[in-house]
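Chemist: sequence plus predicted model, see below.
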Amino acid sequence: MEQPEGYRVVEKPDWVWKLKRGLYGLVQAGRTWNEELHSHMVGVGLAATHKDPAIYVKGNWDQEDFIAGGF
């Protein structure tokens, strides 16, 4: 491994940089995106259904203002 261009430290040539967060195109990118979306949906009061966690609902089937959405 080498230090990336623009981030080289001459005094410490053996040091390398650690990746702290997922990037698009990596294996875990989909999971990272889903966790972020889930946090937002729960934050605005929606809940994932048990049958399909990609569908979020607010309220229940008996209410007139029932909301359902998915992606």
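Modeler: Nice, I can see it. Numbers count the residues shown, from 1 in each chain.
Chemist: any regions of the chain where pLDDT drops low?
Modeler: 1, 17-26, 60-71 (pLDDT under 70).
Chemist: quick one, strands of it?
Modeler: In order along the chain, the chain carries the following strands (DSSP state E): 47-48, 55-58, 67-70.
Chemist: elements contacting the shortest one?
Modeler: Spelled out, that is strand 47-48. Contacts defined by 3 or more Cβ pairs under 8 Å, 6 or more residues apart in numbering; DSSP states H and E place strand 47-48 against helix 29-43, strand 55-58. The way it works is simple: take the backbone N, C-alpha and C, and place the C-beta from them, glycine included.
Chemist: contact partners of that strand?
Modeler: Contacts of strand 47-48 with the rest of the structure, by Cβ atoms under 8 Å, 6 or more residues apart in numbering, involve 38, 41-42, 54-58.
Chemist: who wins on neighbours among those residues?
Modeler: Tyr56 (22 neighbours; other Cβ atoms under 10 Å).
Chemist: excluding covalently adjacent residues, which one is nearest to that residue?
Modeler: The shortest distance from Tyr56 to any residue that is not its chain neighbour, by Cβ to Cβ, 6 or more residues apart in numbering, is 3.9 Å, and that residue is Leu46.
Chemist: and the helices and strands packed on strand 47-48 as a markdown table, adding distance to Val9?
Modeler: Listed next are these as a markdown table, based on distance: least, Cβ to Cβ, whole Å:
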| stretch | distance to Val9 |
| --- | --- |
| helix 29-43 | 29 |
| strand 55-58 | 46 |
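Chemist: any idea which of those gets closest to Arg8?
Modeler: helix 29-43 (27.4 Å; Cβ to Cβ).
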